[in-house]
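Participant: show me how the following folds:
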Amino acid sequence: MLLALFFLAAMTVSGMGVLRLFRVELNLKEAVPAGLVLGLMLATWTGFIVSLLAGRLLVWPVFGVVLVFSVFILIFFSKGNASDQEKTPADGIFIALIGLAGLFFLLLFSRMIVEDAEGIWAGGRTVWGDWAGHMGYIANWVYGSNLPPENPWYAGVRLAYPFLFDFTSAMLVKSGMTIPRSLEIPGALLSIAMTALIYELARQLTKSREAGALSVFIFILSGGLGFVYLFPDLPAALRGVFPPARQGVTELTHIPEANIRWVNFIISEMIPQRGILVGITGALAVFLFWLKGTTSRKKGCFATAGLLAGLLPFFHAHTFLVLMMVSSVYFLLHPRTEWLYFFFPALLLALPQWLYFLPQVTGYSEGFIRWQPGWLAPAKGDNWLWFWVKNIGVMAVLIPAAWAYFWKHERRLFFYYVPFLLVFAATNLWVFQPWDYDNTKLLRFWYLASSVLVAGALCHWAKQRILRGLVGGLLLVSVILSGAVDAGSCLRFDRNKRLMWTPDQIELARVVRNITPKKSVFLTSDTHNHWVVDLSGRKIVLGYRGWLWSWGIDYREREKDVQAIFLGTSQANVLIAKHKIDYVVIGPREREVFHANADFLHRHHLLILDMNHHLIFKTR
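Facilitator: Residues are numbered from 1 along each chain as shown. Got it, this is the predicted structure:
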């Protein structure tokens with residue numbers, strides 16, 4: 001564990017060193033978080049390429065390079081002129097904010113995966129749902145030597161998913177962390193880094209420390225009018241607008257009956273989706289480099305931004321799309337030759353990654369990008385404007401008010417917001433993935449920019465006494481109340497916990513991992529958290545179909561083949577050979593979902609394990 005933490009520290013120092021080499025002048029509040037995300041991305045890419053060439057997960061060569069480079073940076077730059085580093089006075093608001101964020105995020109992530117005598121538990125519904133996938137990727141690299149990477153949930157097909165943050169975790173596991181800690185610790189550190197960069201970017205844009213802090217709270221505690229459900233005795237008129245939830249309200253930002261779907265960022269993306277943490281933190285660093293490059297006219301700022309952006313697609317593809325949209329608009333608004341230093345490395349590095357994704361994206365018959373005006377509003381017949389009022393509450397008024405205010409008083413902030421408004425418009429007209437909810441991966445950047453805009457306006461209005469203290473406080477509370485309640489509820493592990501694997505499954509997975517070859521292919525049920533993938537680190541033929549659909553995979557033919565094999569039809573052995581299946585598992589879920597025929601397998605294949613209500617047959 002200590003070695004893995006040292007590895008993360010060396011990544012951070014290395015990232016800071018790269019920033020110094022590019023002559024990007026940052027204060028310590030900016031350099032540490034920006035160095036963390038850049039260093040992590042560079043180390044992960046290096047580790048992935050080295051491992052890809054070796055055909056197995058290799059960490060020590062990368063660890064050595066990162067360590068040597070970080071030591072060089074510490075020695076070389078510690079002797080440099082102190083004026084090389086931008087100096088800022090102590091910032092009490094920043095220190096308090098990072099202290100609070102550190103305490104909250106470390107506590108929060110420490111409760112996401114817990115193992116006790118009853119098994120391994122997830123700390124909430126979205127962790128139970130999404131982290132099963134992430135743990136499967138990591139386990140397949142650590143235990144299954146899954147290189148070149150195949151989709152562990154759809155064996156034989158390459159992994160066309162932004163997977164590199166999970167590869168970071170795999171590298172940390174090889175350095176001494178457990179798989180749960182390899183998810184939790186980088187997540188907590190990047191959350192703190194994101195907080196620092198939001199504060200610094202907002203502070204510099206608005207020239208207000210208070211606005212920097214408010215931006216963090218508005219963004220992270222995103223929510224809407226769901227707080228009305230805190231008051232059970234609603235007037236009859238409101239009960240028609242906010243209908244009762246069939247199974248009670250457990251999250252104020254996720255109430256399907258009322259079409260409240262703007263789920264709090266912590267619950268919806270930050271913890272479960274993982275890659276967006278690298279995406280948003282990286283994007284914030286890029287925005288900061290743009291801001292500094294625009295004022296200083298230094299090409300190094302734009303080149304570093306281009307390097308970071310170009311590394312992003314395999315971490316979080318949607319972030320790269322947003323950066324391209326936003327940078328294109330900024331270039332059109334203020335064309336400068338320095339922008340070429342951003343676009344050239346960004347596009348050059350990103351192009352191979354997008355070509356890798358392209359076959360799966362273009363192979364989806366319904367189209368990844370499709371026309372859907374109103375986004376999720378039509379699902380319940382909502383008027384588009386009312387849908388957004390319900391989902392972001394008072395922000396629906398504050399955003400246009402702040403934008404109009406800055407047109408008159410701070411034109412720079414008015415134009416800063418323009419490209420993000422275009423992102424909002426695009427995502428309300430088109431859907432950019434098979435699952436329409438995934439537009440949130442783009443919309444979060446619009447809300448991030450909106451948080452800075454509104455925070456700046458609130459602080460301006462307070463100083464000009466346009467807003468009195470009580471009114472401003474009530475506005476802020478109404479903006480963050482639903483999200484704050486939901487974020488706070490994430491800490492209640494005993495209430496939120498969901499069982500992922502029982503002790504029997506954990507023991508079974510350990511045995512299977514020891515008696516089967518690393519690159520084996522298993523036929524199992526399509527349970528999203530199947531122990532064969534997540535704990536044994538082996539690939540399966542047909543995983544959770546909800547994920548496969550959301551990735552644009554047409555699994556219908558394979559689904560029929562899997563059913564035919566489990567039923568023991570006349571074509572079963574031919575289909576086993578077709579899909580190169582090495583082992584077939586028959587357990588409770590295989591019997592329940594696919595009506596698995598154990599007699600057929602007993603007659604034709606070798607039973608190698610009968611354990612904990614599971615039969616495992618070797619098929620070739």
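Participant: heading C-terminal from the worst-scoring helix or strand of the chain on mean pLDDT, find the next helix or strand.
Facilitator: Across the helices and strands of the chain, mean pLDDT, DSSP states H and E gives its lowest value to helix 236-241, namely a mean of 70. Note on helix 236-241: by DSSP states H and E, the next helix or strand toward the C-terminus is helix 265.
Participant: list of residues touching stretch 256-265?
Facilitator: 219-226, 241-246, 251-254, 376-377, 379-380, 382, 387, 390-392, 437, 440, 444, 447, 482-483, 486-487 (C-beta atoms under 8 Å, 6 or more residues apart in numbering). Using the backbone N, CA and C atoms, a C-beta is placed for each residue, glycine as well.
Participant: what does stretch 588-598 give?
Facilitator: Residues from elsewhere that reach stretch 588-598 (C-beta under 8 Å, 6+ apart): 524-527, 530, 562-563, 566-568, 586, 613, 615.
Participant: just the buried members of those residues?
Facilitator: Buried members of those, scored by 16 or more other C-beta atoms under 10 Å, are 524-527, 530, 562-563, 566, 568, 586, 615.
Participant: wait, is Leu26 part of a strand?
Facilitator: No. Leu26: not assigned to a strand; according to DSSP: H, G, I helix; E, B strand; the rest coil it is coil.
Participant: pretty sure it is touching Val18, no?
Facilitator: No. With contact defined as C-beta atoms under 8 Å, Leu26 does not reach Val18; the gap is 11.7 Å.
Participant: out of the buried ones among the contacts of stretch 588-598, who's nearest Asp494?
Facilitator: Checking the buried ones among the contacts of stretch 588-598 against Asp494 with C-beta to C-beta, the nearest one is Thr527 at 24.7 Å.
Participant: does Val584 count as helix, strand or coil?
Facilitator: Per three-state DSSP, the secondary structure class of Val584 is strand.
Participant: ok, it to Leu19 distance?
Facilitator: 52 Å (C-beta to C-beta, to the nearest Å).
Participant: got it, and Ala350?
Facilitator: 20 Å.
Participant: of these two, give the one with the bigger neighbour count.
Facilitator: Leu19 (25 against 22; other C-beta atoms under 10 Å).
Participant: what average pLDDT does the helix or strand encompassing that one get?
Facilitator: Leu19 belongs to helix 2-21 when assigned by DSSP H and E. Here helix 2-21 scores 95 as its mean pLDDT.
Participant: which other helices and strands contact that helix?
Facilitator: helix 28-54, helix 60-78, helix 164-174, helix 179-206 (3 or more C-beta pairs under 8 Å, 6 or more residues apart in numbering; DSSP states H and E).
Participant: reformat the ones you listed as TSV; add mean neighbour count and distance to Pro313.
Facilitator: Shown next, in TSV, are the helices and strands packed on helix 2-21 (neighbours: other C-beta atoms under 10 Å; distance: least, C-beta to C-beta, whole Å):
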stretch	mean neighbour count	distance to Pro313
helix 28-54	22	11
helix 60-78	16	20
helix 164-174	26	9
helix 179-206	24	18
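Participant: ok, of those helices, where does mean pLDDT dip lowest?
Facilitator: Among those, helix 60-78 scores lowest, at a mean of 87.
Participant: just after it, pick out the following helix or strand.
Facilitator: Heading C-terminal from helix 60-78, the first helix or strand you meet, by DSSP H and E, is helix 92-109.
Participant: report the buried residues of the helix or strand following that following helix.
Facilitator: Remark: after helix 92-109, the chain's next helix or strand is strand 113-116, criterion DSSP H and E. Counting neighbours by 16+ other C-beta under 10 Å, one finds that the buried residues in strand 113-116 are Ile113.
Participant: and strand 113-116, which strands flank it?
Facilitator: strand 119-122 (antiparallel) (DSSP bridges).
Participant: helices along the stretch 351-500 of the chain, start to end?
Facilitator: Secondary structure of the stretch 351-500 of the chain (DSSP state H, counting those that start in this stretch): helices located at 384-392, 395-409, 411-427, 440-463, 469-489, 493-496.
Participant: let's have the ones you listed in CSV, adding distance to Thr195, mean neighbour count and mean pLDDT.
Facilitator: Converted to CSV, the helices of the stretch 351-500 of the chain look like this (distance: least, C-beta to C-beta, whole Å; neighbours: other C-beta atoms under 10 Å; pLDDT from 0 to 100):
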stretch, distance to Thr195, mean neighbour count, mean pLDDT
helix 384-392, 21, 19, 97
helix 395-409, 20, 17, 96
helix 411-427, 20, 17, 96
helix 440-463, 12, 24, 96
helix 469-489, 13, 18, 91
helix 493-496, 22, 14, 93
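Participant: is it true that Val452 touches Leu214?
Facilitator: No. Judged on C-beta under 8 Å, Val452 makes no contact with Leu214 at a distance of 9.0 Å.
Participant: anything in contact with each of the two?
Facilitator: Ala202.
Participant: wait, doesn't Ser215 sit right on Ala196?
Facilitator: No. Ser215 lies out of contact with Ala196 (C-beta under 8 Å); the separation is 11.8 Å.
Participant: which residues touch Val584?
Facilitator: 522-523, 565, 576, 601, 605, 616-617, 619.
Participant: returning to what we had before: which one of the buried ones among the contacts of stretch 588-598 is nearest Gly282?
Facilitator: For the buried ones among the contacts of stretch 588-598, the minimum distance to Gly282 (C-beta to C-beta) is 31.9 Å, reached by His530.
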